[in-house]
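A.B. asks: coords please:
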Amino acid sequence: MDMIPVRLVLFILLTCILLGFSWRSLGTLCAHGFYRFFVFEGVLFLLLHNHPYWFDHPFSSLQCLSWFLLAMSILFVILGFSLLKRCGGSQPRCDFPANHTFENTVNLVEHGVYRYVRHPMYSSLLFLAWGACLKQLTTLTLSISIAVTLLLFVTARVEEGENCDFFGERYHCYIKNSKMFIPYFF
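C.D. replies: Prediction:
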């Protein structure tokens, strides 16, 4: 049986779940969640499209780099989410009604992985996209990965605007002292 219909059905089902998670943000271009939805869609496409190639040539240089990026993706999401949950606190905000409560932190977290990058969970998505892309590098997967990278940048910039409005000068200083996605680099 050809796996394309199975992957297509999975893509549609998972897109429905992502729509359920993102529906409040999709109505406004001002919300970071609007752009993040399309990041999720791009990553989902890359994962499902390249799934058949994950274990081809397991020790080639592209596969090794891919596995490294996928491991970094897992590390960054675990570190970022656990610190945010433990130290960030949350509360509903009337000025950002499209956000989920857990996204509206009340404490600026500047230690651990957040000392080096402002968006470790977006870093995780970046590493996941490129790790999945490298499993079968084609013009299509490269194009989708570049689009995901650009959308992540836009998502992060919009979220930083929200954070500057909420945290004020302290967040502006944090921007100057940390990188966006990759420690010491970008």
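A.B. asks: from what I can see residue 120 touches residue 79, true?
C.D. replies: Yes. Between residue 120 and residue 79 a contact is recorded at 6.1 Å, counting by Cβ atoms under 8 Å. Bear in mind the C-beta positions are built from the backbone N, C-alpha and C, glycine included.
A.B. asks: between these two, what contacts are shared?
C.D. replies: Residues touching both residue 120 and residue 79 by Cβ atoms under 8 Å, 6 or more residues apart in numbering: residue 113.
A.B. asks: who's more crowded, those two?
C.D. replies: Between residue 120 and residue 79, counted using other Cβ atoms under 10 Å, the more crowded position is residue 120 (23 against 18).
A.B. asks: by contact count, what packs against the longest helix belonging to the chain?
C.D. replies: For the chain, the longest helix by residue count, based on DSSP state H, is helix 139-167. The contact analysis (3 or more Cβ pairs under 8 Å, 6 or more residues apart in numbering; DSSP states H and E) places helix 139-167 against helix 32-50, helix 120-133, helix 169-176.
A.B. asks: I'd like to know which of those is closest to residue 185.
C.D. replies: Among those, helix 120-133 comes nearest to residue 185, with 10.8 Å by Cβ to Cβ.
A.B. asks: and that closest one, what's its mean pLDDT?
C.D. replies: Averaged across helix 120-133, pLDDT comes to 98.
A.B. asks: sweet, I'm off.
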